[in-house]
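J.: here's a sequence, model it:
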Amino acid sequence: MKLRKLVVLVAGFAVATALGGCSLLGLTDHRDPDGHITASTNVNPFALRVGDCLITVNLDSNVATLPVVPCSDAHNAEVFHMFDLPDGAFDEPAIRDAADTVCYQVVEEYVGPRYYAVSSGGLKVFFFIPSAASWDNGDRSVSCLAATVSDETELTSSIRGQGA
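T.: The predicted model follows:
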């Protein structure tokens, strides 16, 4: 089983939660030709794409899949950027620092400069990073997400451009 870490950053405080994944669970049946989610389903964290909307409420360390939904359905988070880390030795603090830097640099490009004001309580930035086990299997991918601070599923559209 591959593991990924979910890191939430709120007011400079990082919390890591291990996530596991075993299969892609047929997600291709729930995407339109442009790659948008067309029906609610569960997905392995490795199958996320920029623009995917999901529900991250009540995630715990035993999560092997994430609930993704069409962005028109109620949700609280959206993937806004993905990037790969360079090869090298696994260094979790350095990986967190790189993810923190990149995710915060690009959130404004995706959402807009007022990204923090998109929902009633604002948005927080968090990310999925490789775990030591997934790093050993070649995982170098970081997924940047923005979610409602309250974790309420109050969003019913994409956050792309909503903070302009």
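J.: is the closest residue to residue 35 other than its chain neighbours within a helix or a strand, and which one?
T.: Excluding the flanking residues, the one nearest residue 35 by C-beta to C-beta, 6 or more residues apart in numbering is residue 49, at 6.0 Å. From N, CA and C alone the C-beta is placed, and that goes for glycine too. Here residue 49 is covered by no helix or strand, with elements defined by DSSP states H and E.
J.: just checking, residue 49 touches residue 79?
T.: Yes. Contact criterion C-beta atoms under 8 Å: residue 49 and residue 79 qualify, at 6.5 Å.
J.: secondary structure of residue 83: a strand, I assume?
T.: Yes. Assigned with DSSP: H, G, I helix; E, B strand; the rest coil, residue 83 falls within a strand.
J.: and residue 54, what are its bridge partners?
T.: residue 68, residue 77 (DSSP bridges).
J.: so how many other residues sit close to residue 137?
T.: Counted with other C-beta atoms under 10 Å, residues neighbouring residue 137 total 10.
J.: an error on my part: the question was meant for residue 156.
T.: Residue 156: 13 surrounding residues under other C-beta under 10 Å.
J.: kindly state the pLDDT recorded for it?
T.: In this model, residue 156 is scored at 94, pLDDT.
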